[in-house]
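[1] Structure for this input, please:
(2 chains, ligands or ions: 2)
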Amino acid sequence: MSVSKPLPHDAAKLHVTGTARYVDDIPTPANALHLAFGLSPISAGRIKSMDLDPVRAAPGVVAVWAADDLPGPCDCSPSNHDEPLLSDGTIHYAGQPLFLVAATSHHAARRATRAAQVEYEEAKPILTIDEALAANSRFEDGPRIWSRGDTAGALKDAPHSVEGSIEIGGQEHFYLEGQAALAMPQEGGDMVVHSSTQHPTEIQHKVAEALGLPMHAVRVETRRMGGGFGGKESQGNALAVACSVVAAATGRPARMRYDRDDDFVITGKRHDFRIAYRAGFDDDGRLAAVEFVHWTRCGWSMDLSLPVADRAMLHADNAYFVPNFRIESHRLRTNMQSATAFRGFGGPQGMAAMERVVDHVAHALGRDPLEVRRVNYYAAAGGSAPMPAAPSRDASGQKKTGDGAEAPEVTRGAMEEDATSRGAQSVTPVHEGHAATGVQTTPYGMPVEDFILHEMTDALAERCDYDARRAAVARRNAANPVLKRGIALTPVKFGISFTLTHLNQAGALVHVYQDGSIVMNHGGTEMGQGLFLKVAQVAADRFGVGIEAVKITATDTAKVPNTSATAASSGSDLNGMAVKAACDEIRGRMAAHLAALHQADAGSVRFEDGQVHVGGQVLSFAEAAKECYLGRVSLSATGFYKTPKLEWDRIKGQGRPFFYFAYGAACSEVVVDTLTGEHRILSTHILHDCGRSLNPAVDRGQIEGGFVQGVGWLTSEELVWDDKGRLRTHAPSTYKIPACSDRPDVFEVDLWDGENREETIYRSKAVGEPPFMLGISVLMALSDAVAACGDAYPALDAPATPERVLAAIEGVRGA
Amino acid sequence: MRTTLTVNGERHDLSHDERLSLLDAIRDQIGLTGTKKGCDHGQCGACTVHVNGRRVNSCLTLAAMHDGDEITTIEGLGTPDAPGAMQASFQACDGFQCGFCTAGQIMSASAVLEEIGRGEPSHVSSSLSSIDGMTDGELAERMSGNLCRCSAYPMIRAAIARAAEAAE
Ligand code: FES
Ligand code: FES
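    Residues are numbered from 1 along each chain as shown, chains lettered A, B, ... in the order given. Ligands and ions are numbered 1, 2, ... in the order given. Down below sits the predicted model:
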């Protein structure tokens, strides 16, 4: 069997020898054009005049486009149709593309952009949260508000309360491969696009719209990305549209990639948040009520900001049951890059604020924060949650279509929208009353049926010797006035599924050839997360063959249509199931044919170890395929999957937006130099829940990588805009991502030994995003270290750079 | 202008703009795309190659400065069917996720082992004249110029340690 094994990455030998191809490595004919955007240096205002003749005259330039020269607006937005490819005269942010240059080389195109003569009429930009609030500059009419219980009353009645606020910075994706696209014109006006994207269908949709073509005239292919992290869910649209427009107009292939600085300046980043809170609690720290206000800067266009801000709200409880809960979320429009998807999609920000609340409560009571965490955890899954007696090997969870039992799904509002994007705003009606009794529900009404953090926390605390280490930290801090240590163990509960219900579907295409080799295709994209390998393992397992028999091919909109983005950690859950369905269809046909041929019962045909057992006969898989081919059996099938149980009303904030939760916990110990604010992670222990892991080696890599990236977000990665709205940290020289030497000295990662309660692919759990939030343990450990310097609560903001840590130390001392 | 480079043992006579970086010469003119451009600013290490046996960020140096030099790129260390020692070690240890930084990591790592072998100290060495061998700290410090956004660092470190052990 191939699943649950630590098989190596499918493209390993290509990667280590430099032969794995990314978009910019694809050879193109000598007449290919290279594109570059001319960018706005100001963040708000209008173009008074723009003379592009000097650009046209520059060496190597073939053609230049301003907005009026385009076939239409060439919208690049995944949601609101508010992102024209080139400025229509209004300038929304510093870095906005104003015109497009096609030249004979990348450098010629870039150099030529500088020759433009542009005069601007500058306006005062809206940059800060306060400026946006004062100008009522926001998306949606007003804040989104969800609540449960009587929060105001409970806050008043609670014996204790705390209040405060936390600033949480954004984050640049810094995918090591910058955005890139290549368009190749075809006969009859068709277009083939290679794009470094997490969402080929979205690229296809936007290119077709820009060129005025039906979607069938555009084919998008994505073999792999050099990292995505959410930054390639919508941010690749502009390059693909630009290349296609140029290729259509000139009949020549067109390619574009952003240089690193341009990539920083043009594309969106993680949303930054300011979150204010009030919490009421008893002597044990048990929360009676929590109230949050989220303010987030969305930048100039809507992009995916609404579902991001929703997901921040959906994770505002993290792992804690709070009977009275109110949350208000403001999505502010500012003159900056349009903030976008980034691993966790708002969840990390919402969760970090709740961890801050718990930390603050513990500080107010003088208790160990871990005790307060445990007291507030959701009730254990244990008793009431039915675990399947024996794990079913057939875990497709699929209903046969056409059995008539299911009511048709009605999705309002998706018809005129960019329906395959998370930016669409349709609402799936929620049917009331499905919460089982005895199970606690989240503030948005979803029963928490699979809560395993009690056991995981106990196991991790024991493994990392939490109590003894916490005592040792206190002893050292008492003895050492300069170096202060801190320790924190924090949990993660992360909801898995797209909150836009209809995106939770996937398709696959599988062929078995007459020599027994297999080709598999699905809608997911590979960006280093090991999706292709995991899904190929599923296919190999269904046919009982080795993984080498399965060919993994590039994601291609002509093979599997209408795919969702590879995002929301959903890649293997959705595509694994779709591939399994396709394989099982073929396997069923093969079994039926072989059984008839060899006078056996179809149900008794077994596919294992590269062989097919029929009655007393044993055939190699290749022989079996050949026999089926000769018997005129179709050896090709599509598969489809849609996640069950979901229903969600984002306006009311009610329903079951997630199929299940993924859990994790991390304990980190840090040391802070109180003279400089510099700090180091001494150790991190992680216990993470991947259900029954499809590939423990790949999952471990996701956990380690997610954690380190999360720590980068909360400690060293700082985005700075100046008072004119220009991003000042636009290169790795000024924007610090973790390096090899930043890893904790002790770094131990274990997988929780369990399985998904829900019927996911082989009972595994999604792993792309949840580990990112394990990084919160480091922020809380830093808070703990700072707290050792004085009496006041540290109220440490993120990223906790040495500067901020030092300020927080002065804060607690000054009090 | 004209420059002659020997890349992976093969001679290339280039005719080019003075401003051509060594990286662009390798990728665009010679057509070896295994060497990656991560930042074009000397800050990520994705473009690392060996020039006369020493590691260099090829985006930070001009092709014109290397007339007559011997350049080795990732393609020169081995092939998918016959990988070099460091390549095999990265493959065995899964020293990557998206793979975009991998060529640079491997080029850097193989040079690091030689630097340590020659006794060249680093920032974390205990003294200028003696280094403590291939310790984890030495390796991590010397690899800190090669960024990996996927943070595959634990596996990268394991891969280098494995190759170092084999080399010692
Ligand atoms: S591309 Fe040369 S160091 Fe980044
Ligand atoms: S493996 Fe993705 S950047 Fe290193």
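
[2] Okay, domains of chain B per the record?
    According to automatic domain parsing, chain B comprises the domains B:2-76, B:85-167.

[3] what about the last one and ligand 1, touching?
    No. Where contact is defined by C-beta under 6 Å from any ligand atom, no part of domain B:85-167 touches ligand 1; the two come within 7.5 Å at best. In this view, the C-beta of every residue, glycine as well, is placed from N, C-alpha and C.

[4] That domain - what's its average pLDDT?
    When pLDDT is averaged along domain B:85-167, the result is 91.

[5] Likewise for stretch A:93-101?
    The model assigns stretch A:93-101 a mean pLDDT of 98.

[6] how far does that stretch stretch from start to finish?
    20 Å (C-alpha to C-alpha, to the nearest Å).

[7] so B:Asp94 makes contact with A:Ala697?
    Yes. Assessed by C-beta atoms under 8 Å, B:Asp94 is found in contact with A:Ala697 at 5.9 Å.

[8] Same drill for the two, tell me which one is more crowded.
    When B:Asp94 and A:Ala697 are compared on other C-beta atoms under 10 Å in any protein chain shown, the one with more neighbours turns out to be B:Asp94, at 24 against 17.

[9] At which residues are the helices of chain B located?
    Counting by DSSP state H, chain B has helices at residues B:22-24, B:74-77, B:85-93, B:102-117, B:136-142, B:153-167.

[10] right, is the second one up against chain A?
    Yes. Part of helix B:74-77 sits near chain A under the criterion C-beta under 8 Å from any C-beta of the partner chain, namely B:74-75, B:77.

[11] Neighbour-wise, which one of the residues you listed leads?
    Of those, with other C-beta under 10 Å as the count, B:Ile74 tops at 30 neighbours.

[12] Secondary structure element for the nearest residue to that one once chain neighbours are set aside, which one?
    Leaving aside its chain neighbours, B:Ile74 sits nearest to A:Gly18 (3.5 Å; criterion: C-beta to C-beta, 6 or more residues apart in numbering or on different chains). Using DSSP states H and E, A:Gly18 sits in no helix or strand.

[13] So A:Gly18 sits against B:Thr73, correct?
    Yes. Between A:Gly18 and B:Thr73 a contact is recorded at 7.0 Å, counting by C-beta under 8 Å.

[14] higher neighbour count, the two?
    A direct count of neighbours by other C-beta under 10 Å for A:Gly18 and B:Thr73 places A:Gly18 higher, at 28 against 23.

[15] sec struct for A:Ala276, please.
    Following DSSP: H, G, I helix; E, B strand; the rest coil, we place A:Ala276 in the strand state.

[16] picking that back up, identify the contacts common to A:Gly18 and B:Thr73.
    B:32, B:34-35, B:103 (C-beta atoms under 8 Å, 6 or more residues apart in numbering or on different chains).

[17] quick one: which of these is most hemmed in?
    B:Ala103 (31 neighbours).

[18] Geometric centre of the chain: which residue is closest?
    Just so you know, I chose chain A. A:Arg343 (3.4 Å; C-alpha atoms, centre = their mean).

[19] wrong chain, I was asking about chain B
    B:Met107 (2.4 Å).

[20] Not including adjacent chain positions, what is the nearest residue to that residue?
    Closest to B:Met107 by C-beta to C-beta, 6+ apart is B:Thr48, at 4.2 Å.

[21] Who is that neighbour paired with across the strands?
    Assessed by DSSP bridges, B:Thr48 has beta-bridge partners B:Asn57.

[22] Look at it and report its pLDDT.
    Reported pLDDT for B:Thr48: 98.

[23] hang on, A:Thr250 packs against A:Leu33?
    Yes. Here A:Thr250 reaches A:Leu33: they are 6.4 Å apart, a contact under C-beta under 8 Å.

[24] The two: which is more packed in?
    A:Leu33 (26 against 15).

[25] All the strands of the stretch 451-600 of chain A, in order from the start?
    Using DSSP state E, counting those that start in this stretch, the strands found in the stretch 451-600 of chain A span residues A:483-496, A:505-512, A:518-522, A:550-552, A:555-556.

[26] Now the third one: buried residues?
    Neighbour counts over strand A:518-522 (16 or more other C-beta atoms under 10 Å in any protein chain shown) mark A:518-522 as buried.

[27] Measure how buried residue 31 is and give me the count.
    In the absence of a named chain, this looks at chain A. By the criterion of other C-beta under 10 Å, A:Asn31 has 11 neighbours.

[28] think we crossed wires, I meant chain B
    B:Gly31, neighbours per other C-beta under 10 Å, totals 10.

[29] Setting aside sequence neighbours, what's the nearest residue to it?
    Excluding its sequence neighbours, the residue lying closest to B:Gly31 (C-beta to C-beta, 6+ apart) is A:Pro27, at 7.4 Å.

[30] residue contacts, the closest residue to B:Glu120 other than its chain neighbours?
    Leaving aside its chain neighbours, B:Glu120 sits nearest to B:Ile131 (7.8 Å; criterion: C-beta to C-beta, 6+ apart). Contact analysis of B:Ile131 by C-beta under 8 Å, 6+ apart lists B:116, B:119-122, B:125, B:138.

[31] Tell me the one of the residues you listed nearest A:Ala44?
    Distance to A:Ala44 across the contacts of B:Ile131 (C-beta to C-beta) is lowest for B:Ser122, with 47.5 Å.

[32] Quick one: residues contacting the closest one.
    Contacts were defined as C-beta under 8 Å, 6+ apart; by that measure B:Ser122 touches B:115, B:131, B:138, B:141-142.

[33] isn't B:Ala103 right up against B:Ala46?
    Yes. B:Ala103 is within contact range of B:Ala46, at 7.1 Å (criterion: C-beta under 8 Å).

[34] Need the residues touching each of those two.
    Counting by C-beta under 8 Å, 6+ apart, the common neighbours of B:Ala103 and B:Ala46 are B:35-36.

[35] quick one on the thing from earlier: could you report the separation of the residue nearest to B:Met107 from ligand 1?
    Noted for B:Thr48: a distance of 7 Å to ligand 1, by C-beta to the nearest ligand atom, to the nearest Å.

[36] and that residue, what does it touch?
    B:Thr48 makes contact with B:35, B:55-58, B:103-105, B:107-108, B:111, B:146, according to C-beta under 8 Å, 6+ apart.

[37] ok, A:Gly610 - contacts?
    A:544-546, A:549, A:620-621.

[38] Not including adjacent chain positions, what is the nearest residue to the residue in chain B that chain A sits nearest to?
    Ranked by C-beta to the nearest C-beta, the top residue of chain B for proximity to chain A is B:Gly34, at 2.0 Å. Nearest non-adjacent residue to B:Gly34, counting by C-beta to C-beta, 6+ apart: A:Gly18, 2.0 Å away.

[39] and that neighbour, what does it touch?
    The contact partners of A:Gly18, taken as C-beta under 8 Å, 6+ apart, are B:32-35, B:73-75, B:102-103.

[40] Which two of those have the greatest separation?
    Going by C-beta to C-beta, the pair spanning the contacts of A:Gly18 furthest: B:Leu32 and B:Thr102, at 14.9 Å.

[41] Okay, and the closest residue to A:Arg56 other than its chain neighbours sits in which element?
    For A:Arg56, ignoring the flanking residues on the chain, the nearest one in space by C-beta to C-beta, 6+ apart is A:Val64 at 5.2 Å. Under the criterion of DSSP H and E, A:Val64 resides in strand A:61-65.
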